[in-house]
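Participant: A structural model of the following input is requested.
(chains A, B, C and D)
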There are 2 protein chains.
Amino acid sequence: MATIYDVAAQAGVSIKTVSRVMNAEPNVRIETRERVQAAAAALDYHPSLSARSLAGSKSFIIAVIVDAKLTIDHWRSERGSDYLARVQFGATLPCREAGYHLLIELIDHGKAMVRRELDTLLAALKPDGVILTPPSADDDVVLDRLRRAGTPYVRLGPGRRDGGGMSLRLNDRAAARAMTQYLISLGHRRIGFIEGDRRYASSRARRDGFLAAMAAEGLEAKWIHAGDFTYQSGYDGGQAILKRASRPSAIFASNDDMALGCIAAAADLGLQTPGDVSVAGFDDSSGSRFSRPQLTTLRQPIVEMAELAARALLSGSVRPDCNEDGGQGLPNFTLVPRLSTAPPAARKMPRP
Amino acid sequence: MATIYDVAAQAGVSIKTVSRVMNAEPNVRIETRERVQAAAAALDYHPSLSARSLAGSKSFIIAVIVDAKLTIDHWRSERGSDYLARVQFGATLPCREAGYHLLIELIDHGKAMVRRELDTLLAALKPDGVILTPPSADDDVVLDRLRRAGTPYVRLGPGRRDGGGMSLRLNDRAAARAMTQYLISLGHRRIGFIEGDRRYASSRARRDGFLAAMAAEGLEAKWIHAGDFTYQSGYDGGQAILKRASRPSAIFASNDDMALGCIAAAADLGLQTPGDVSVAGFDDSSGSRFSRPQLTTLRQPIVEMAELAARALLSGSVRPDCNEDGGQGLPNFTLVPRLSTAPPAARKMPRP
DNA sequence: CTGAAAGCGCTTACAG
DNA sequence: CTGAAAGCGCTTACAG
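Facilitator: Next comes the predicted model:
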C-alpha cells in the first residue's frame, strides 16, 4: 500500500506538503496541490488512521456508550425496541460526512466493571467524542473518567444537570403528563402506571408527570407497579394491577415493551384491550406500530437528538468541563393516539 | 496517560517485557510478570490501539459492510426490519470477548463509489477482518479490493460460489420451497409471488424455490411481481396482483416488509387477510410478529451466522484467497406459521 | 528469560 | 509557500 512517502516522491515534494494537501490546509500553491492530488490518485493513496491518530490529536472516532445488559436484552428479544438503531441512524450520517467512524460500545454498569471497561476504551481508542445513553449519562464513574480523560461528551436523556458536557434532554415529565391527560380526556379516572427502571432519570420523570396529571385532576394514583422496562416486567405489572379486586380502566406503561407485556397479561386474564382496559406506551417503537391492537404511545425525537449530538461533537464545540443544554433546537414529543386506548366501557365508569 | 515507558520504568524492566506481559506472550518469569502487572494496574495503563495497530500487524477492528441506501431506508422506515441489528448482535459479543471493536460501515454500491469508499476504508482502518452482507457479498469490486488488500472476509448469504473468503449461506431456495409447499398444503393452488431486489442472490433463490414447488405440483405461477424488498414495492405488488380479474388465494412475498405492504394493499382493495387472501413473508422480522394479523414467515439463523462469521475471522482461519463454505454447523431455517395464512375460502377453491 | 534498536506512517512545532 | 527534524506508543526482528 502506498504511504505518504510514495506520494511525496511521486509529486516531487516533502511529506509535509502531502500532509497539508490531504488535510486541506492552506498555504499550498494551487499547482503543487494539484500535483500532489494527482500523485495520490495515481497511487491510490489513503492515509492510515492509526498513524494519523498516533501522531496527531484526532482519532476520527466517535463512540456511543450503551448498557451491555439492556442492549443485549433488546437484541435478544427482538421486540422492535429500536432506541439503539435510532441513535445509530442519527449519528452515523454526520460521522460519515466528516470522515469519522462511529463505534457502538457496550459497557457493563456494575460499579467494578464500568471503570475498567471505560478506561480501556478511552485509552485504547482515544475517541474524539462520546455519546452517552441512559443509564451511562448519569453514571458518576463514567462522567468522572470522561472528564479526567478530557474527552468531550454529549449526554442523551440525562437526569442530572451537573454531569458536565452537553446534555440533550427530552421532556419526559411533560410527555408523561400529556399522555395521562389524554387518558383522562377519554374519560378514564382510574389509571394505573407501570414504572421503568429507576436508575433511569427518564423513568422517574415519567412517573412524576403521571402523578402530576393525576393530582391536577384530583385523581388518586392507586395502581403503580415497579417495572424495569422489560416486556416481562410489563406483563408482571399488568397481572399484579389487573388481578386486584378494584382495577383501573386504563394503564400507562413507561415504555412500549412493558405496554405490550401489559396487554398480554390483560389478555391472559380474559380482558380485552381497549374494551376492558386501555393501555398506553411510550417510545413509538416499531413494535408499537405493529402490535395488536396498535399501541397509543409517545414519540420522542431520538434520531434528531443523536444527529445533533454527533454534529456538536464533530464541530468541536463540546467541552467536558462545562454544562451545556443543547436541546433548544429539538422538536417536541408527539402523542400518537392509536387503537389500544378508548373511552372506558360505560358500566365501568365511576359515577361523577 | 501512562505509556508503556512509564510501566517499564515503574516495574524496572524494558518496554519489550511490558509488551510481552500485555500480550500474554510466553517467556516472562512469573515474578517479572507480576511486577509488570502491578505497575500497569497502579498506573492505570491501557495500551493505545493506534500505536499497536501502526507498529504491529493487527488493528483489532472487524468491519461489517452494509449497503448505505438499504440500511438508511430500513432505519428511516422503522418497520422492524432487524437484519443489521441481528448481525450486530451476533458479531458484537465475540469481538468484545477478544478485545476487538466492531465497526458498521455503510458503503454506496454505485460502480464509481464502491471502490473509492472501500479503498479508503481498508487503507485507513486496516481491519483484521470484514463481514460482507448482501449485496456486497457478491460485488465484484468489493471482492477484488478485499483480495488485493489481503483482508480476510466472510460473505453472508452470497450467491456466487467463487467469491473467495468464507461463505455462510442459508438455503433460501429450500426455505422458499417449503413455504410454498406449506401454502399448497393449506389448499391453495393459485399462489402469487412478490420478488425481492434481483441484485440479491437470496432473492433469485427464493424465486427459484417458489417456482420449483409450484412446478412440482403442476401449478401455474401466473402472478409474479418484481419488488425490491421495500414495503412500498410490496404494496404495489399486492395492488397489481389483486386487481387482476383472476386473482390468487395466497401471496408469498420474498420478505416481511413486502408482505406487510401486500396486506395493506389487500385491505385497501377491501380484501381481508387471511379470509380473502393469505399472505406469507420471509425473515421473521420483529414487524412480522407484531403485525395484524401476525405474519406467517420464515426465520433464518442470522444471529448465529454473524457470530460464526466473527469467530472465524477472530480465529484467523479465514483466508481471502480460498473458497470455504463454513455453513455446516448452522441451524436450519424454520417455517413460522402464524395468522396471516389460512385455507382458502371454499368458494374460491378451483375445482380439482 | 530479557532487552536495545529500528521502524510503522503520520502530525507537530519550528525554521526559512 | 515549503521542508527537515523529532516524536507519537507501540511491535518486529534480532541478539544475547
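Participant: what about whichever residue of the stretch 101-250 of chain A sits closest to DNA strand C, how many residues close to it?
Facilitator: For the stretch 101-250 of chain A, the residue positioned closest to DNA strand C under CB to the nearest atom of the strand is A:Asp128, at a distance of 11.5 Å. Bear in mind the C-beta positions are built from the backbone N, C-alpha and C, glycine included. As a burial measure, the neighbour count of A:Asp128 was computed by other CB atoms under 10 Å in any protein chain shown and equals 20.
Participant: what are the phi and psi angles of it?
Facilitator: Listed backbone geometry of A:Asp128 is phi -80, psi -10, with angles given as degrees, to the nearest 10.
Participant: what does the stretch 101-250 of chain A put close to chain B?
Facilitator: Those residues of the stretch 101-250 of chain A that sit near chain B, judged by CB under 8 Å from any CB of the partner chain, are A:101-106, A:119-120, A:122-126, A:149.
Participant: Now do the SS call for the nearest residue to A:Gly326 once chain neighbours are set aside.
Facilitator: If you skip the residues right next to it in sequence, A:Gly326 has A:Met166 as its closest partner in space, 4.6 Å away by CB to CB, 6 or more residues apart in numbering or on different chains. Here A:Met166 takes the strand state, with states given by DSSP: H, G, I helix; E, B strand; the rest coil.
Participant: which SS state does A:Ile131 fall under?
Facilitator: Three states are possible here, and by three-state DSSP the one that applies to A:Ile131 is strand.
Participant: List the contacts of it.
Facilitator: A:62-65, A:87, A:91, A:153-154, A:156, A:306, A:309-310, A:313 (CB atoms under 8 Å, 6 or more residues apart in numbering or on different chains).
Participant: One more pass at 6 Å, please.
Facilitator: By CB atoms under 6 Å, 6 or more residues apart in numbering or on different chains, the residues touching A:Ile131 are A:64, A:154, A:309.
Participant: Would you check that my belief about the residue of the stretch 101-250 of chain A closest to DNA strand C contacting A:Gly56 is correct?
Facilitator: No: the pair A:Asp128 and A:Gly56 does not pass the contact test of CB atoms under 6 Å, sitting 10.7 Å apart.
Participant: and the gap between A:Tyr5 and DNA strand C?
Facilitator: From A:Tyr5 over to DNA strand C the distance is 7 Å, taken as CB to the nearest atom of the strand, to the nearest Å.
Participant: Tell me if A:His225 really is in a strand.
Facilitator: Yes: with three-state DSSP as the criterion, A:His225 is assigned to a strand.
Participant: What sits closest to it if chain neighbours are left out?
Facilitator: Leaving aside its sequence neighbours, A:His225 sits nearest to A:Gly237 (CB to CB, 6+ apart; 3.5 Å).
Participant: ok, that neighbour - how many residues close by?
Facilitator: Applying other CB under 10 Å, we find 28 other residues in the vicinity of A:Gly237.
Participant: what's the answer for A:Ser315, then?
Facilitator: Here the number of neighbours of A:Ser315 (other CB under 10 Å) works out to 11.
Participant: cool, and A:Glu220?
Facilitator: Taking other CB under 10 Å as the criterion, the count of residues near A:Glu220 is 10.
Participant: got it, and A:Asp44?
Facilitator: 15.
Participant: ok, it to A:Ala51 distance?
Facilitator: The span separating A:Asp44 from A:Ala51 equals 17 Å under the rule CB to CB, to the nearest Å.
Participant: rewinding a little: which element, helix or strand, includes the residue nearest to A:His225?
Facilitator: If you go by DSSP states H and E, A:Gly237 is part of helix A:231-242.
Participant: Okay, strands next: where are they in the stretch 251-352 of chain A?
Facilitator: A:278-280, A:297-299, A:323-325, A:334-336 (DSSP state E, counting those that start in this stretch).
Participant: contacts for the third one?
Facilitator: Contacts made with strand A:323-325 from outside it, assessed by CB under 6 Å, 6+ apart, are listed as A:164, A:166-167.
Participant: Direction included, what does it pair against?
Facilitator: Paired neighbours of strand A:323-325 in the sheet (DSSP bridges): strand A:165-168 (parallel).
Participant: after the partner strand, next one along is what?
Facilitator: Following strand A:165-168 in sequence order, the next helix or strand is helix A:172-185 (DSSP H and E).
Participant: so what does that next one touch, helix or strand wise?
Facilitator: Helix A:172-185 makes packing contacts with helix A:201-216 when contacts are defined by 3 or more CB pairs under 6 Å, 6 or more residues apart in numbering or on different chains; DSSP states H and E.
Participant: What helices and strands are in contact with the helix it packs on?
Facilitator: Judged by 3+ CB pairs under 6 Å, 6+ apart, the packing partners of helix A:201-216 are helix A:172-185.
Participant: Can I get the helix or strand following the helix it packs on in PDB? Just the C-alpha atoms.
Facilitator: The C-terminal neighbour of helix A:172-185 among helices and strands, as given by DSSP H and E, is strand A:191-195. The C-alpha trace of strand A:191-195 is given here as PDB (Å, rounded to 0.1, in the frame of the first residue of the first chain):
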ATOM      1  CA  ILE A 191     -55.500   4.900  35.800                       C
ATOM      2  CA  GLY A 192     -52.600   2.500  36.600                       C
ATOM      3  CA  PHE A 193     -49.000   3.100  36.000                       C
ATOM      4  CA  ILE A 194     -46.100   0.800  35.300                       C
ATOM      5  CA  GLU A 195     -42.700   2.400  36.100                       C
END
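Participant: Check the offset of strand A:191-195 from the chain's centre.
Facilitator: Distance, stretch centre to chain centre, for strand A:191-195: 23 Å (CA atoms, centre = their mean, to the nearest Å).
Participant: what does stretch A:45-59 give?
Facilitator: Worked out by CA atoms, centre = their mean, stretch A:45-59 lies 30 Å from the chain centre.
Participant: Once you drop chain neighbours, what's closest to A:Leu93?
Facilitator: Taking CB to CB, 6+ apart as the measure, A:Leu93 lies nearest to A:Glu307, with 7.1 Å between them; neighbours along the chain are not counted.
Participant: Pull the number of nearby residues for the one you found.
Facilitator: As a burial measure, A:Glu307 scores 20 neighbours (other CB under 10 Å).
Participant: so does the helix or strand of chain A with the lowest mean pLDDT get close to chain B?
Facilitator: Least confident element among the helices and strands of chain A, by mean pLDDT, DSSP states H and E: helix A:286-290 (a mean of 83). Yes: Helix A:286-290 comes into contact with chain B when judged by CB under 6 Å from any CB of the partner chain, the residues involved being A:286-287, A:290.
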